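predicted model, plus sequence, below.
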Amino acid sequence: MALRWSKASAFLLTLSVILLLTQTQSKLLTRCQLAKELLRHDFPRSYLSNWVCLVEAESGRSTSKSMQLPNQSVSYGLFQINSKNWCRKGRRGGICNIKCEEFLNDEISDDSRCAMQIFNRHGFQAWPGWMSKCRGRTLPDVSRC
């Protein structure tokens with residue numbers, strides 16, 4: 001009996017280590033961290049408050065947020081980029097030619113490139129969170145960041 005428990009314990013320990021090692025790195029950014037990251041990724045300063053508001057509305061500044069939508073698509077990451085058109089789950093694809101899961105880590109270069117593609121095609125109106133919480137409202141003050 002003790003030998004079986006040891007094998008089961010070793011299996012569970014190994015499984016736990018594997019899960020920890022393969023877990024996606026994620027961050028919950030502060031408002032100023034987000035603003036600085038966006039500037040570092042060439043977001044225009046003139047729209048910075050809109051982008052910060054969008055990210056706060058869509059993901060709460062979390063790089064790991066994913067949300068299943070009623071149409072069975074999933075939105076991923078800081079910008080909540082949707083799998084219907086922009087990326088593909090489990091493989092490269094969509095208009096941004098990327099795996100959706102790539103939007104769930106704390107490296108936001110790929111997220112930023114895809115968000116800019118979306119913006120260049122549709123503007124901020126592509127994001128429901130921006131439409132409901134930012135459009136025509138007072139935007140976050142990031143001038144001291």
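Cool, the structure landed.

buried ones in stretch 106-117, by neighbour count?
Under the neighbour-count criterion of 16 or more other C-beta atoms under 10 Å, stretch 106-117 has D106, I108, D110, D111, S112, C114, A115, M116 buried. Quick note: C-beta positions are derived from backbone N, CA and C, even for glycine.

what's the mean pLDDT across it?
Stretch 106-117 shows a mean pLDDT of 97.

returning to that earlier point: restricted to helices, list the buried residues of stretch 106-117.
When DSSP state H defines the helices, the subset of these inside them is D110, D111, S112, C114, A115, M116.

pipe the buried residues of stretch 106-117 into a markdown table and attach distance to L54 per row.
A markdown table is the format used below for the buried residues of stretch 106-117 (distance: C-beta to C-beta, whole Å):
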| residue | distance to L54 |
| --- | --- |
| D106 | 18 |
| I108 | 13 |
| D110 | 17 |
| D111 | 12 |
| S112 | 12 |
| C114 | 14 |
| A115 | 9 |
| M116 | 12 |
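
can you tell me which of these is nearest F124?
Closest to F124 out of the buried residues of stretch 106-117 is A115 (10.4 Å), distances taken as C-beta to C-beta.

quick one: end-to-end distance for stretch 73-90.
13 Å (C-alpha to C-alpha, to the nearest Å).

what average pLDDT does it get?
In this model, stretch 73-90 has a mean pLDDT of 98.

what residues does that stretch touch?
29, 34, 54-55, 58-59, 61-69, 71, 93-96, 98-104, 108, 111, 114-115, 117-118, 127, 129 (C-beta atoms under 8 Å, 6 or more residues apart in numbering).

now that stretch: buried residues?
Neighbour counts over stretch 73-90 (16+ other C-beta under 10 Å) mark 74-83, 86-88 as buried.

pull the distance from that stretch to the chain's centre.
9 Å (C-alpha atoms, centre = their mean, to the nearest Å).

by mean pLDDT, which helix or strand of this protein comes out lowest?
Every helix and strand in the chain was compared by mean pLDDT, DSSP states H and E; the lowest is helix 2-22, with a mean of 38.

could you point out which element follows it?
The C-terminal neighbour of helix 2-22 among helices and strands, as given by DSSP states H and E, is helix 31-40.

which other helices and strands does that following helix contact?
Applying 3 or more C-beta pairs under 8 Å, 6 or more residues apart in numbering; DSSP states H and E, one finds that helix 31-40 contacts helix 48-59.
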